[in-house]
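Student: model the following, please.
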Amino acid sequence: MGWSIILFLFTFAIGIISPVSGVGGGVLFVPLATLIFPFHVDFIRGAGLVMAVTSALSSIPYLIKKGLASIKIFAVIAPVMVITSVVGGFIGLKVTSAFPGGKYYIELMLGAIILLVFAVMMLSKKLEFPDVKEEDMDSWAKSLNLRGAWYEPNLGRVVHYNTKNTKISEVIFAVIGFIAGMFGLGAGWANVPVLNMLMGTPIKVATATSMAIITANAPAIGIYLTKGAILPSIVIPSVLGITIGARIGAKVAEIIKPVFVRYLVLAVLLLAGALNVVKGLRGLGII
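Tutor: Model prediction:
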């Protein structure tokens, strides 16, 4: 009972952060839970993937209604991520069982990648409202009409946006899906930077659309379920906590200032990257 209450409160807090930052919950839950809770890593990864999808499903109806989450972009990205996340989940469990120490090297590399993404976003400008003109759009973006608009309460007007670099983004999202399934992280840690910096969507649209894209990782849950890595005593309080938290977070995401969203995304990336590096180094006995 004690662990269940702690899990509920822990995931409730993550649930509030998730829709605002677009990370889905898994990217914080997995590294933090492995450090805090006495559970096997496979159970944590399985729960992390369920949480990531749950937080997304709990928040995207509201975000779509407000015009922040783009269904058009989701429809382009999701199919490829469904395939690669399933493959990643299968290989992730194989790596854990065949090479117990190998996961530490992978966690170390993942942490380094997340910190690199953090550094790039930190140094980049115009993340709140990238200026993508009609002539900047690639052929796919134009033919698929990957553009949109939403009412921004902090500006008191409707904001319109276009997108670009659709083809290369598809390839990158395929890789993201694989990593998300492998680690049970969801994919928000990478979705947001790609949507924002590469495709040129405003930061609030990137975080909201990221939550929709995270649902594409749902099929990978089946891999963990068939391998017995979904433990109800961990998943149930976690899902309850993140569901309630994500509904609150979705309303916060609508009214929060874009610049605060940027800083929150940066903070989450820094924390997640540092935690994965620490996990990897500790597992390898370096610290």
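Student: okay, CA-based contacts and neighbour counts for the rest of this
Tutor: Fine.
Student: any chance you could map the helices in the stretch 1-150 of the chain?
Tutor: The residue ranges that make up the helices of the stretch 1-150 of the chain, judged by DSSP state H, counting those that start in this stretch, are 2-21, 26-36, 41-65, 71-98, 102-123, 139-143.
Student: which helices and strands does the first one pack with?
Tutor: Applying 3 or more Cα pairs under 8 Å, 6 or more residues apart in numbering; DSSP states H and E, we find helix 2-21 packed against helix 26-36, helix 41-65, helix 203-214, helix 232-255, helix 258-283.
Student: before we move on, what about the fourth one?
Tutor: Here helix 71-98 touches helix 41-65, helix 102-123, helix 166-183, helix 203-214, helix 219-226, going by 3+ Cα pairs under 8 Å, 6+ apart.
Student: only alpha carbons, please: show stretch 152-163 as CSV.
Tutor: Extracted in CSV, the C-alpha atoms of stretch 152-163 (Å, rounded to 0.1, in the frame of the first residue of the first chain):
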residue,chain,number,x,y,z
GLU,A,152,-3.1,32.1,-28.4
PRO,A,153,-4.6,33.7,-25.2
ASN,A,154,-1.3,35.3,-24.2
LEU,A,155,-1.2,37.2,-27.5
GLY,A,156,-5.0,37.7,-27.8
ARG,A,157,-5.0,36.6,-31.5
VAL,A,158,-5.0,33.6,-33.8
VAL,A,159,-1.5,32.3,-34.7
HIS,A,160,-1.0,30.6,-38.1
TYR,A,161,2.0,28.3,-38.8
ASN,A,162,3.5,26.2,-41.7
THR,A,163,5.9,23.3,-41.6
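Student: which of the helices of the stretch 1-150 of the chain sits most buried?
Tutor: When neighbours are counted by mean count of other Cα atoms under 10 Å, the highest per-stretch mean among the helices of the stretch 1-150 of the chain falls to helix 41-65, a mean of 26.
Student: between helix 203-214 and it, find me the angle.
Tutor: Taking axes from the mean of the first three to the mean of the last three Cα atoms, to 10 degrees, helix 41-65 and helix 203-214 form an angle of 130 degrees between their directions.
Student: can you name every helix or strand that helix 41-65 contacts?
Tutor: For helix 41-65, the packing partners by 3+ Cα pairs under 8 Å, 6+ apart are helix 2-21, helix 26-36, helix 71-98, helix 203-214, helix 219-226, helix 232-255.
Student: pLDDT averaged over the third one - what is it?
Tutor: Across helix 71-98, pLDDT averages out at 83.
Student: with the fourth one instead?
Tutor: On average, the pLDDT along helix 203-214 is 88.
Student: and the angle for it with helix 258-283?
Tutor: 50 degrees.
Student: helix 203-214 vs helix 26-36, what angle?
Tutor: Relative orientation of helix 203-214 and helix 26-36, computed by the same axes, to 10 degrees: 70 degrees.
Student: what's in contact with helix 203-214?
Tutor: Contacts of helix 203-214 with the rest of the structure, by Cα atoms under 8 Å, 6 or more residues apart in numbering, involve 19-24, 52-53, 55-57, 59-60, 63, 68-71, 73-74, 77-78, 127-129, 186-188, 191-193, 195-196, 253, 258, 261-262.
Student: re earlier: to residue 275, which of the helices of the stretch 1-150 of the chain lies closest?
Tutor: Proximity to residue 275 (Cα to Cα) singles out helix 26-36 among the helices of the stretch 1-150 of the chain, at 5.9 Å.
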